[in-house]
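1. I would like the atomic coordinates for the input below:
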Amino acid sequence: MARELFIFMDSIKLGDDGSPHGRWILCNNGKPMGTMIKGSLTSAAKAARDARVIVIVPGEDVVITDVALPGQNRQRLMAALPFALEDQLIDDVNGLHFVLGPRHGNGNYVVAIVNKEKMIRWSDVCDELGLRVDVMVPDTLALSTSIGTWTILLEDTRSIVRTGVHSGFAVDHSNLNQLLGTTITDAEGVTPERIDIIDCRDININSDDFSLDSGIELHVNNFEGDSLTWLAEYFDYEAPVNLLSGEFSRQEKVRGHLRKWYPAAAMLAVFIVLNLTLNIIEYVSLSNESNKLNRSMETLYKKTFPQAKRVVNAPAQMLQKYQELQKLSGNSQSSLTEMLTKISPILRATPGMYIKSLRYQNGRIDLESDVKNFNALNQLEKNLADKAGMKVEVKSASQNKDRVVSRLEIKR
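-> Numbering: from 1, shown residues only. Sure, this is the predicted structure:
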């Protein structure tokens, strides 16, 4: 048996520090580890680490009854339960939390009923403290019991009575005798053989304080400790109901927290789907455009290099051809630059010269120009040979009005 933290949810109040205050005790292997502590439940939350948390609530706040329901499907039984008990309840069933327990000897189902507002308050306190509650049970069913024996736990102002495996009640001391007698009378002959009384008060009672049938054995135990200590030490681990069911179950609370994120998750899902759709559309569009460009480049490649017989990757093959041409033109570019560097000063120094065109191919320059006269042309030819070290051949020269039009071939 692991460590267990027992918390009583009756007198939870806010302390001066704003934290909820109440009673709690820590047990190990069913034995209390020290005394009951009354104070801030924040320290209880710290002690709850690696411990099973059991919350005990006042029996006055929980109605324990039984009801006859047809069938065994628990989902359908839960749906029918409020309507089966509606006539027996004062409060609106919509404001009540119903817990369906096991089926007992007479064929009826044990039922626990508690106001939803109280359940919400208890749950909120535990959530605020970060407590992971495993069991929530009324103190009337937390008392240990045995066949033929009833148990009464006396606190300062109230009494907790367990009258059977599936029944019990809580009442103030002034009404205990009367209600106990009525309960015995209504038991239809199934009266207890013995009643165990645990008195946790400073002023104890004796068996003479109870006016019961002489056939019932009374056994009084004056307990020097808090009632929560007794409940923790003799806790009924087979209690028929756990109030943390339905909408208050741990699983449902997790789903409830997740449910808050459903709209955001739905929006995120829509965004992801929309974004994915747009990406697919864009991919298809770009893919089509890429195919068109590839076809265009293939066509251009075939036009540019008609001798090419096989086109596998037009962009790569085009780049390869371009690099080859760039290498070839690199030497020519160097030669042209060198020739222009030498002849440019001479061309600029020739008076009245007008260059009409200049073409370079295979190490020679074809220069088409006009000058003032034939003397100027002869002087240009001489200067290019003497000063620039070029070989000059006059391809053509003719008089055009007052100018001489010529075409020269210049080599190194």
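2. where along the stretch 251-400 of the chain do the helices fall?
-> 262-304, 314-349, 374-386 (DSSP state H, counting those that start in this stretch).
3. got a list of contacts for the last one?
-> Under the contact criterion CB atoms under 8 Å, 6 or more residues apart in numbering, helix 374-386 has outside partners 343, 346-347, 349-353, 371, 390-392, 394, 397, 399, 404, 406, 408, 410. The way it works is simple: take the backbone N, C-alpha and C, and place the C-beta from them, glycine included.
4. how near is the residue nearest to residue 365 when sequence neighbours are not counted to residue 357?
-> Once flanking residues are discounted, residue 365 sits nearest to residue 410: 4.4 Å by CB to CB, 6 or more residues apart in numbering. Separation of residue 410 from residue 357 (CB to CB, to the nearest Å) stands at 13 Å.
5. buried residues, stretch 398-408. List them.
-> 403, 404, 405, 406, 407, 408 (16 or more other CB atoms under 10 Å).
6. that stretch: end-to-end distance?
-> 12 Å (CA to CA, to the nearest Å).
7. quick one: that stretch to chain centroid distance?
-> 90 Å (CA atoms, centre = their mean, to the nearest Å).
8. now do stretch 227-236
-> Worked out by CA atoms, centre = their mean, stretch 227-236 lies 40 Å from the chain centre.
9. can you list the buried residues in that stretch?
-> So for stretch 227-236, counting by 16+ other CB under 10 Å, buried means 227, 228, 229, 230, 231, 232, 233, 235, 236.
10. how about TSV for the residues you listed, with secondary structure and pLDDT added?
-> Converted to TSV, the buried residues of stretch 227-236 look like this (DSSP: H, G, I helix; E, B strand; the rest coil; pLDDT from 0 to 100):
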residue	secondary structure	pLDDT
227	helix	90
228	helix	91
229	helix	91
230	helix	91
231	helix	91
232	helix	90
233	helix	90
235	coil	90
236	coil	88
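11. filter the buried residues of stretch 398-408 down to the ones in helices?
-> Applying DSSP state H to the buried residues of stretch 398-408, no entry is found in helices.
12. in strands, which of the residues you listed appear?
-> When DSSP state E is applied, the buried residues of stretch 398-408 are split such that 403, 404, 405, 406, 407, 408 fall in strands.
13. nearest to residue 309, of those residues?
-> residue 407 (40.2 Å; CB to CB).
14. can you list the domains in this protein?
-> Domain segmentation of the chain under automatic domain parsing yields 3-259, 329-411.
15. put together TSV for these, with distance to residue 316 on each row.
-> Below are the domains of the chain laid out as TSV (distance: least, CB to CB, whole Å):
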stretch	distance to residue 316
domain 3-259	53
domain 329-411	20
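16. between those domains, which one is closest to residue 291.
-> So among these, domain 329-411 is nearest, using CB to CB, at 32.2 Å.
17. tell me where the model's unsure across the stretch 251-400 of the chain.
-> 251-262, 322-323, 325-334 (pLDDT under 70).
18. what does the stretch 51-200 of the chain give?
-> Those would be 188-189, if you go by pLDDT under 70 across the stretch 51-200 of the chain.
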